[in-house]
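In: model this:
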Amino acid sequence: MLKIGQINTLVIHEVLHEGYTCVAQEASISDDEFITYVYLPTADTALTVGDSVDAFVYIDKQQQCVATTTHPKAVSGSTVLLQATGMTDFGAFFDWGLGQDLLVPTKYLQAPVVIGMSYIVHVFYEEDSQRVLGATKLHRFFAETDPYASLSVGQAIECVVWHETDMGFKVLINQEYLGVLFHDQALAKHKIGTKFSAWVKRIRSDDKIDITQLQDNPNSRLTLQQQIMADLEAHGGISTLTDKSSPEDISHKFSVSKNAYKKAIGTLFKNKQISLSKDAIKLIKKG
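Out: The predicted structure follows:
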């Protein structure tokens, strides 16, 4: 079956003056079966009847089913960072690597876009209009709650920022759920499209998901202590990253909060593994 908005393997059915007509590879041409023909205007090399070609299939402005051997930056079902190229009364346009920009209709826009800025866009095939479209309003495609408890508090997750609010960042979790990273739980001010590892902080009573980058428990502190010791050993037993260093410097080095770092070096100091001064921490060599 032909898959609109996807890469399809097509078979050349007829060679035309300026292109080809194609059918899906698995299509069976017979008098009593409906066959969708796809027009392929160009190809990298000359093709003949019966040849196969992998091409992206979509509906053009004339509502024709067409194909291109140029593969776009995203296919139907994927969620990617794309640059805005235009804004109109009926929607926004994004560069997705084809001659015809991707349309995000107004009803699927999270907010008006700024031309030249990049946004997280979900690409999908809309049955009603038979078009491949985009959406920046992700809650129409991803769950904002976890009613089946597939996530648990403290679970490690992968996130991408798709929208910023006054309170923090809306994130896409594991390409499945939407969650919120509040400013006080973030290691840095993130940009749209930033990807990072985090943890589930809380599943609210309404099943919505809060996340954190400030994982702070005995296991994570132990891991951080090991990282600090390894870093000291790799740099001659000394580091200028102290409890007086900026949160940004600490986050850049170890991807943790300043509070977590202070607790880790505090434990190492109590265990007499390091010495502390205003400007440096030093590894205490035993024996």
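In: Show me what the strand or helix carrying Ala55 pairs with in its sheet, parallel or antiparallel.
Out: Take DSSP states H and E as the rule and Ala55 turns out to sit in strand 52-59. In the sheet, strand 52-59 lines up against strand 7-15 (antiparallel), strand 65-68 (antiparallel) (DSSP bridges).
In: Is Tyr125 in contact with Leu2, as I believe?
Out: No. Applying C-beta atoms under 8 Å as the test, Tyr125 and Leu2 come out as separate, 11.1 Å apart. Backbone N, C-alpha and C define where each C-beta goes, glycine included.
In: Flag the shaky bits of the protein, pLDDT-wise.
Out: Within the chain, the segments meeting pLDDT under 70 span 28-35, 147-148, 215-222, 287.
In: Would you map the helices across it?
Out: 218-234, 247-254, 258-270 (DSSP state H).
In: hang on, the earlier thing: would you mind giving the strands paired with strand 52-59 as CSV with distance to Gly236 and mean neighbour count added?
Out: Shown next, in CSV, are the strands paired with strand 52-59 (distance: least, C-beta to C-beta, whole Å; neighbours: other C-beta atoms under 10 Å):
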stretch, distance to Gly236, mean neighbour count
strand 7-15, 52, 17
strand 65-68, 57, 20
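In: Turn these into JSON lines, including distance to Cys159.
Out: Supplementary listing: these in JSON lines, determined by distance: least, C-beta to C-beta, whole Å:
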{"stretch": "strand 7-15", "distance to Cys159": "27"}
{"stretch": "strand 65-68", "distance to Cys159": "33"}
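In: Out of those, which is closest to Gln225?
Out: Closest to Gln225 of the strands paired with strand 52-59, according to C-beta to C-beta: strand 7-15, at 47.5 Å.
In: List the residues that contact Glu248.
Out: Ala188 (C-beta atoms under 8 Å, 6 or more residues apart in numbering).
In: For Gly116, see how far away it is.
Out: In this view, Glu248 and Gly116 are 27 Å apart by C-beta to C-beta, to the nearest Å.
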